[in-house]
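Fold the following.
(one chain, ligands or ions: 1)
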Amino acid sequence: MTSVVRVLTGITTTGTPHLGNYVGAIRPTVRASRKPDTQSFLFLADYHALIKCDDPARIQRSTLEIAASWLAAGLDPEHVTFYRQSDIPEIPELMWLLTCVAGKGLLNRAHAYKAMLDKNAAAGQDPDADVSAGLFMYPVLMAADILMFKAHQVPVGRDQVQHIEMARDMAASFNHLYGELLVPPAAVIDDHVALLPGLDGRKMSKSYDNTIALFGPRDLLRKQIMSILTDSSVPGEAKATESSAVFQLYRAFAEPAETSALAQAFADGIAWGNAKQQLFERIDHEISPMRERYNHLVQHPAEVERLLKAGAAKARAIATPFMDKLRHAVGLRPMVAASSQSVAPKAVVKSALPTFKQYRAEDKLFYFKLVDVSGATLIQSLAFDSPRDAGQTIKLLQSDGVAAFNQITAQIDLAASQPVHLIHAALEQLSKSLAE
Ligand code: TRP
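Predicted coordinates for the structure are as follows:
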């Protein structure tokens with residue numbers, strides 16, 4: 001028997017993705033999501049973005065651009081759970097439960113917070129000058145992201161490893177008090193993913209202003225590549241590979257045989273202009289097909305929005321029941337137990353299922369609805385001409401659940417129905433009980 005590994009990672013939505021983000025984060029997570037026995041949770045960390053960025057338009061734009069980049073790079077939202085952090089209200093809810101078990105001393109030791117203290121001390125300022133409580137609580141929000149979905153592995157850069165250790169720490173404190181409910185995660189650092197050099201040879205980073213645009217116009221890609229800093233060796237003179245940003249960048253995109261061929265060309269004294277042209281062609285070959293999809297998505301934000309909403313429904317089908325369990329564990333629960341009556345447990349389970357009701361309304365047309373145990377309407381259909389049509393649609397929903405629902409939404413009165421994630425959860429509950 002093989003067990004499924006749950007992998008989770010997020011990207012903070014404060015900027016436009018560059019080539020370094022693609023090689024270091026986007027491409028490896030898309031590849032990892034295709035591995036068998038892997039369940040991927042990938043999300044846009046927009047609550048985290050608020051810690052560093054107070055420009056609303058920028059956060060909105062960055063969320064679109066990062067989502068479009070991930071999708072253009074081949075992420076399959078059917079196969080993975082792809083969502084926006086702020087669409088999952090259970091995450092800040094869990095954050096509060098974790099806040100109450102996290103030691104303040106633990107948070108005092110976070111590198112990002114300590115770096116601010118050091119900076120303030122050096123400037124002779126108050127130690128907490130410019131430190132928001134959000135920055136201080138950053139590791140707790142990140143722990144909530146991870147623990148909500150019981151992630152086993154969290155692929156991150158080295159700078160984030162401490163945060164994963166803190167998440168383990170919070171999970172252990174919580175479990176110690178309330179039982180084994182949270183799964184401690186492990187950081188995964190991929191050393192094969194080389195740090196990509198930027199235009200000036202230092203690590204490609206927005207803070208060095210040396211980035212190459214990922215999905216900019218083709219001409220910009222060529223122009224930026226032609227501007228990469230090189231040594232002053234002339235054509236015909238042998239060139240060093242390891243110290244060359246052109247070579248490192250090429251290697252990040254090429255097959256090993258192509259890389260060897262370029263190494264030979266370097267030894268033979270290839271002209272820099274020629275090497276850069278090869279680099280441009282190699283990168284463009286990989287990026288071009290994605291660029292079209294990226295541009296399409298950025299011009300059609302409603303498509304991205306729809307995918308993210310569907311992803312949020314998938315994520316909440318896990319988060320909502322798990323959060324209920326956690327609330328219950330800490331004592332946030334009804335004062336009267338629901339099952340205290342002397343009803344046989346089996347009967348309780350049966351009656352707790354939502355049920356379909358078919359009826360004829362005053363307009364003489366035929367309708368159905370799905371109602372939950374409390375009698376609240378989950379699904380309200382539009383009118384059918386015949387009772388048979390209504391009945392067949394019910395049958396379809398009973399046999400195919402969520403998949404059927406997604407196909408018959410044109411027959412649903414969405415305004416009179418519950419949000420889609422609640423409908424999905426109810427249909428899943430129904431099909432589970434049928435399978436028993
Ligand atoms: N802090 C991460 C970064 O800036 C982004 C992030 C937020 C994250 N929550 C996460 C990464 C959970 C992994 C898991 O890179």
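
Unless I misread the structure, residue 379 falls within a strand.
Yes. Assessed by DSSP: H, G, I helix; E, B strand; the rest coil, residue 379 belongs to a strand.

Report the residue ranges of every domain in this protein.
5-188, 206-299, 335-435 (automatic domain parsing).

Relative to the ligand, which of those is closest?
domain 5-188 (3.5 Å; C-beta to the nearest ligand atom). In short, each C-beta sits where N, CA and C put it, glycine included.

So the closest one, near the ligand or not?
Yes. Using C-beta under 6 Å from any ligand atom, domain 5-188 reaches the ligand at 8, 9, 10, 12, 45, 48, 142, 145, 146, 154, 156, 160.

quick one, phi psi at the spatially closest residue to the second one that is not a sequence neighbour?
What sits nearest to residue 9 in space, not counting adjacent residues and going by C-beta to C-beta, 6 or more residues apart in numbering, is residue 155, at 5.3 Å. The phi/psi pair for residue 155 (degrees, to the nearest 10) reads phi -70, psi 120.

same thing with residue 12?
Dihedral angles (degrees, to the nearest 10) for residue 12: phi -70, psi 130.

Please apply the same query to residue 109.
Per degrees, to the nearest 10, the backbone of residue 109 is at phi -90, psi 0.

so how many other residues sit close to it?
12 (other C-beta atoms under 10 Å).

In contact with it: list those residues for me.
Going by C-beta atoms under 8 Å, 6 or more residues apart in numbering, residue 109 touches no other residue.

ok, now with 10 Å
103, 139, 162, 166 (C-beta atoms under 10 Å, 6 or more residues apart in numbering).

what's the pLDDT at the closest residue to residue 421 other than its chain neighbours?
Distances taken as C-beta to C-beta, 6+ apart place residue 313 nearest to residue 421, at 3.7 Å, with adjacent residues excluded. At residue 313, the model reports a pLDDT of 97.

Mind listing what's buried along the host helix or strand of residue 313?
Assigned by DSSP states H and E, residue 313 belongs to helix 301-330. Buried residues in helix 301-330, counted by 16 or more other C-beta atoms under 10 Å: 304, 307-320, 322-323, 326, 329.

how about it, does it reach the ligand?
No. Shown here: helix 301-330 not in contact with the ligand (C-beta under 6 Å from any ligand atom), separated by at least 13.2 Å.

which of the contacts of residue 109 has the most neighbours?
residue 139 (26 neighbours).

That one against residue 102, yeah?
Yes. Counting by C-beta atoms under 10 Å, residue 139 touches residue 102, with 7.8 Å between them.

Now list whatever residues contact both of the two.
166, 167, 169, 170.

Not counting sequence-adjacent ones, nearest residue to the third one?
Read it as residue 169. residue 106 (6.1 Å).

where does the one you found sit relative to residue 184, distance-wise?
Relative to residue 184, residue 106 is positioned 15 Å away (C-beta to C-beta, to the nearest Å).

more neighbours, those two?
Neighbour comparison, residue 106 and residue 184: the larger count goes to residue 184, with 18 against 15 (by other C-beta under 10 Å).

what does the model give that one for pLDDT?
pLDDT, read off for residue 184, is 97.

My guess is it contacts residue 167. True?
Yes. The criterion here is C-beta under 10 Å, and residue 184 meets it with residue 167 at 7.5 Å.

Find residues that contact each of the two.
146, 147, 151.

Assumed the first one was part of a helix.
Think residue 146. Yes. Using three-state DSSP, the assignment for residue 146 is a helix.

for it, what are its contacts?
6, 8-10, 41, 152-154, 163-164, 167-168, 170-171, 182-185.

let's see 8 Å
8, 154, 164, 167, 185.

Please apply the same query to the second one.
Under the criterion of C-beta under 8 Å, 6+ apart, the contact partners of residue 147 comprise 94, 98, 167, 170, 171, 182, 183, 185.

Which of those fall in helices?
94, 98, 167, 170, 171 (DSSP state H).

The second one touches residue 169, doesn't it?
No. At 10.1 Å, residue 98 and residue 169 do not qualify as touching, with contact defined as C-beta atoms under 8 Å.

Could you check which of the two is surrounded by more residues?
residue 98 (24 against 17).

The residue sitting furthest away from the middle of the chain: what's it in contact with?
Centroid-distance maximum for the chain: residue 236 at 48.1 Å, with C-alpha atoms, centre = their mean. Counting by C-beta under 8 Å, 6+ apart, residue 236 touches residue 269.

Distance of it relative to residue 272?
For residue 236, the distance to residue 272 - C-beta to C-beta - is 12 Å.

And residue 147, by the same measure?
50 Å.

Equivalent analysis for residue 421, please.
55 Å.

Residue 73 now?
On the measure of C-beta to C-beta, residue 73 and residue 272 end up 29 Å apart.

So those two - more neighbours on which side?
Between residue 73 and residue 272, counting by other C-beta under 10 Å, residue 73 is the more crowded of the two (21 against 18).

Strands of the stretch 301-436 of the chain, start to end?
Along the stretch 301-436 of the chain, the stretches classed as strands by DSSP state E, counting those that start in this stretch are 355-360, 366-371, 377-380.

Determine which of those strands approaches residue 189 most closely.
Of all the strands of the stretch 301-436 of the chain, it is strand 377-380 that lies closest to residue 189, at 44.3 Å by C-beta to C-beta.
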